[in-house]
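Visitor: with the input below, show me the fold.
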Amino acid sequence: MANLRTSAIICSVRQHGEHGAVVRSLTPDNGLMSGYVRGARSRTMRPVLIPSNIVQADYRARTEDQLASMSAELQESRGPYLGEPLASSALDWVTALTAAILPEEHSYPQLHSALSALLDAICGAPSAKGWAVALVRYELLLLSELGFGLSLDKCAVTGGVDDLVYISPKTATAVSIGAGQMYKDKLLPLPAFLKEPGNPEWDEIFDGLKVTGFFLRRHFFEDRRNDVMAARSVLVDRLKRVVA
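Guide: Residues are numbered from 1 along each chain as shown. I've put the predicted structure just below:
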């Protein structure tokens, strides 16, 4: 990448130097990209460089190994939602997660589309239930795209396709009610909406969040970046208070 102009979803902003910042953004065709924004902490740029905002980004680098300089023009602001605790924590989590685990400059067009739709849902749905399912599906998609997908189409023990109600935490595969009965306390729940479209109730949604949270922590956050998973804990706690 020498010069590139593209739409981008701001995912993280890390202060660098006295006035600048390294900004990581998800682009439609080039995946996650980092760029140095001069004057990022200025009054003009702070409202632009909010994680979850959509910007028109220009990247310029003299060499392949150089951190690109980046300029950004605001296309869509999520700033108005920062004052809403639940929406704000959801925006914080999905952008921080994306920035933390994706390798840079690998194309993930499906992830970009899914993240864009999820952010729209968080800001536009009339209730949290309208986007909570999409959140679980986005986390599942991230796991799958990075090589840690769950196998939920048949029982790991019997090979059967009926009565799949558990997930093995060791193998990330489905387990039927009969095969898993003796070990159910050690297995994860398998809500039906993870296998097929549906309109789950909140208990199923929280089961889905339990599943994706377990595998995200295992594969990406064990022994590191506890601050990222802490943002997820805040979100789940706020969701539970909403539906209590």
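Visitor: run a quick neighbour tally on the residue nearest to L150 when sequence neighbours are not counted.
Guide: Of all residues not flanking L150 in the chain, A172 sits nearest, at 4.7 Å (Cβ to Cβ, 6 or more residues apart in numbering). Every C-beta, even on glycine, is put in place using the N, C-alpha and C of the backbone. When counting by other Cβ atoms under 10 Å, one arrives at 20 neighbours for A172.
Visitor: just to be sure, L74 is in a strand?
Guide: Yes - assigned with DSSP: H, G, I helix; E, B strand; the rest coil, L74 falls within a strand.
Visitor: give the contact list for the residue most central in space within the chain.
Guide: Centroid check for the chain by Cα atoms, centre = their mean gives V94 as the closest residue, at 3.6 Å. V94 sits next to S52, L115, L118, L119, I122, L135, Y138 when contact means Cβ atoms under 8 Å, 6 or more residues apart in numbering.
Visitor: what helix or strand is the second one on?
Guide: Mapping L115 onto the secondary structure by DSSP states H and E places it in helix 109-124.
Visitor: could you dump that helix to CSV, C-alpha only?
Guide: Extracted in CSV, the C-alpha atoms of helix 109-124 (Å, rounded to 0.1, in the frame of the first residue of the first chain):
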residue,chain,number,x,y,z
PRO,A,109,-15.3,-8.3,3.3
GLN,A,110,-17.9,-10.4,5.1
LEU,A,111,-16.7,-9.1,8.5
HIS,A,112,-16.8,-5.5,7.2
SER,A,113,-20.4,-5.9,6.0
ALA,A,114,-21.4,-7.6,9.3
LEU,A,115,-19.8,-5.0,11.5
SER,A,116,-21.4,-2.2,9.5
ALA,A,117,-24.8,-3.8,9.8
LEU,A,118,-24.3,-4.4,13.5
LEU,A,119,-23.3,-0.8,14.2
ASP,A,120,-26.4,0.3,12.3
ALA,A,121,-28.6,-2.0,14.4
ILE,A,122,-27.1,-0.9,17.7
CYS,A,123,-27.8,2.7,16.9
GLY,A,124,-31.2,2.2,15.1
